[in-house]
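Trainee: Predicted model and sequence follow; I will ask about them next.
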Amino acid sequence: MIPWLPPGSDFPPLEEALDDPNGLLAAGNDLAPDTLISAYTRGIFPWYDPSQPVLWWTPNPRCVFRPGDFHISRRLGRHLRNADLTFYLDRDFERVIDVCAAPRDDDGGTWITPEMRAAYLRLHALGHAHCVTVFEDGELAGGLYGVQLGGVLFGESMFSTRTNGSKSVLALLWRLAPRLGIRLLDAQVESDHLMRLGAFLMPRVDFQRQLDALITDTTPLPWPKAPIRWNDATP
């Protein structure tokens, strides 16, 4: 059993999360900005489908990247150097979240409910949620959005509409990580795709220690808005 949390409640200790399903901690509460910021600083995030209440998760272990760990293959490197790519930070956040929310070919559903969409749009308006997009030959090729608190970027969702779209935006994030103040990227749950790109698994207790060290201030950090070309991107 997991606890039901009234709106505005504190979250239970992480050690009370279930092993099966991995990391399920609680249900209920709300998606207000203060609730989400409190959750993320403790390594907790919401994830549920439209037929469920809000569910809160803290998987063990956690799938993460560190700057310098991202693996750029020879093929991806050639694509980044030679394709007609233009990157944007925090351009059209609403479009990015809507593309991420569109049904995927694999299951036809989405976990980005209208309530979740509204919640992250509020976080973006407050300066906590950010997005990265890449355009190839003038057409949207990929993007992602997430929440930055201190030195941690909590990745929420990404998409590709062309080959290498999501890989390209991840590569740009790591090239710009020092400028953006990012020292750890939370990818939440392991996948073969992420592991091939350089992600690794971190025990929950170590992940929480990283959050405690890297999130000492939750003041929003602005991201640059000018278009970026790969060959011109500098840390």
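Mentor: Cool, the structure landed.
Trainee: When you work out contacts or count neighbours from here on, use the C-alpha atoms and nothing else.
Mentor: Noted.
Trainee: Outline the domain layout of the chain.
Mentor: For the chain, automatic domain parsing gives the domain ranges 4-61, 63-201+216-232.
Trainee: least reliable of the ones you listed going by mean pLDDT?
Mentor: Among the domains of the chain, domain 63-201+216-232 carries the lowest mean pLDDT, a mean of 93.
Trainee: distance between the ends of that one?
Mentor: 30 Å (CA to CA, to the nearest Å).
Trainee: Bridging across strands, which residues link to the most centrally placed residue in the chain?
Mentor: The centroid of the chain falls nearest to residue 155 when counting by CA atoms, centre = their mean (0.9 Å). Note on residue 155: beta-bridge partners by DSSP bridges are residue 146.
Trainee: wouldn't it be in contact with residue 149 here?
Mentor: No. Contact criterion CA atoms under 8 Å: residue 155 and residue 149 do not qualify, at 11.3 Å.
Trainee: name the helices or strands packed onto whatever helix or strand residue 79 lives in?
Mentor: Assessed by DSSP states H and E, residue 79 sits inside helix 74-82. Applying 3 or more CA pairs under 8 Å, 6 or more residues apart in numbering; DSSP states H and E, one finds that helix 74-82 contacts helix 165-180.
Trainee: Just put the domains of the chain in TSV and tack on distance to residue 208.
Mentor: Output for those, formatted as TSV (distance: least, CA to CA, whole Å):
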stretch	distance to residue 208
domain 4-61	6
domain 63-201+216-232	11
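Trainee: wait, which of those is closest to residue 207?
Mentor: Of all the domains of the chain, domain 4-61 sits nearest to residue 207, with 7.6 Å by CA to CA.
Trainee: Could you check how far that closest one is from the centre of its chain?
Mentor: Here domain 4-61 is found 16 Å from its chain centre; the criterion is CA atoms, centre = their mean, to the nearest Å.
Trainee: same thing with stretch 164-180?
Mentor: 12 Å.
Trainee: Give me the contact list for it.
Mentor: Stretch 164-180 is contacted by residues 67-68, 70, 72, 76, 80, 87, 132-134, 141-144, 158-160, 183, 221, 223, 230, 233-235 when judged by CA atoms under 8 Å, 6 or more residues apart in numbering.
Trainee: for it, which positions count as buried?
Mentor: In terms of neighbour count (16 or more other CA atoms under 10 Å), stretch 164-180 has its buried residues at 164-177, 180.
Trainee: For the protein, which segments count as helices?
Mentor: 33-41, 74-82, 93-101, 114-125, 165-180, 192-196, 204-214 (DSSP state H).
Trainee: among those, which is nearest residue 7?
Mentor: Closest among the helices of the chain, using CA to CA: helix 33-41, at 8.8 Å.
Trainee: tell me the angle that closest one makes with helix 114-125.
Mentor: Relative orientation of helix 33-41 and helix 114-125, computed by axes from the mean of the first three to the mean of the last three CA atoms, to 10 degrees: 90 degrees.
Trainee: got the buried residues for helix 33-41?
Mentor: Buried-residue list, helix 33-41, by 16+ other CA under 10 Å: 33, 35-37, 39-41.
Trainee: For it, name the packing helices and strands.
Mentor: Using 3+ CA pairs under 8 Å, 6+ apart, helix 33-41 sits against helix 114-125.
Trainee: quick one: contacts of the helix it packs on?
Mentor: Contacts for helix 114-125 (CA under 8 Å, 6+ apart): 31-33, 93-94, 97, 129-130, 147.
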